[in-house]
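Peer 1: sequence and computational prediction follow.
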Amino acid sequence: AQSVTQLDSHVSVSEGTPVLLRCNYSSSYSPSLFWYVQHPNKGLQLLLKYTSAATLVKGINGFEAEFKKSETSFHLTKPSAHMSDAAEYFCVVSEAGNQGGKLIFGQGTELSVKP
Amino acid sequence: NAGVTQTPKFRVLKTGQSMTLLCAQDMNHEYMYWYRQDPGMGLRLIHYSVGEGTTAKGEVPDGYNVSRLKKQNFLLGLESAAPSQTSVYFCASSTPRGRTDGYTFGSGTRLTVV
């Protein structure tokens, strides 16, 4: 069975400094991996996705993630944090199957950005 | 471009009451899903549907029922609400390529059971 673990429940950075949100996954198949962002009291928005093409994936708002099969990781990074990046971030792996390919969510990482 | 719309956005129920959450999508997606979000647990799948008239259980289906009578709508019912069902509920939809394309989510329904 597939699973995903977000290694930090909370990350705090200063504005203008790099962001690193860590995610490890387990999968018996070639997974598809996603990062979603949820701003306070809002729905979930797709940041980026990996689907077996380039291992370095670029998303919206300057975020990117690198798929490392040898480390079973899909960490999310951004060179310079902005106040508007404060939100909860979910790493997600898709479950291969005949019906729907259900998404499996990590526990979430709350990102705080200090002025 | 409404995408996925959930109603209501907020609701307070007394223990034992029933209610239905409505999800509507205008993207002609085949697949629809109901998740619940609880602190520190991410999103957990309650029920899903791969087409009109079909539904299936997810990870945490107990205490919930669903119906997909029309392709664009997916209803989540609570027959007898319990405090453990206090949560934020998200509906999502996708094409059959959801595992590679991802899902489109609604903005959520915050339910409190007292």
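Peer 2: Thanks, I have it.
Peer 1: check which helix or strand covers the nearest residue to B:Phe74 once chain neighbours are set aside.
Peer 2: Nearest in space to B:Phe74, with sequence neighbours left out and distances taken as CB to CB, 6 or more residues apart in numbering or on different chains, is B:Met32 at 4.0 Å. All C-beta spots, glycine's among them, are computed from the backbone N, C-alpha and C. Assigned by DSSP states H and E, B:Met32 falls within strand B:31-37.
Peer 1: ok, and what's touching the very next helix or strand once past that strand?
Peer 2: The helix or strand immediately downstream of strand B:31-37 is strand B:43-51, counting by DSSP H and E. Contact partners of strand B:43-51, identified using CB atoms under 8 Å, 6 or more residues apart in numbering or on different chains, comprise A:44, A:90, A:99-100, A:102-103, A:105, B:30-38, B:55-61, B:64-66, B:68, B:71, B:74, B:76, B:89-90, B:96.
Peer 1: tell me the secondary structure at the closest residue to A:Asp85 other than its chain neighbours.
Peer 2: Nearest residue to A:Asp85, sequence neighbours excluded (CB to CB, 6+ apart): A:Val113, at 5.6 Å. What DSSP: H, G, I helix; E, B strand; the rest coil gives for A:Val113 is strand.
Peer 1: ok, now which ones touch B:Arg11?
Peer 2: Listed by CB under 8 Å, 6+ apart, the contact set of B:Arg11 reads B:Met19, B:Thr109, B:Arg110, B:Leu111, B:Thr112.
Peer 1: now a ChimeraX select for only the buried ones of these.
Peer 2: Per 16 or more other CB atoms under 10 Å in any protein chain shown, the buried members of the contacts of B:Arg11 correspond to this ChimeraX selection:
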select /B:19,109,111
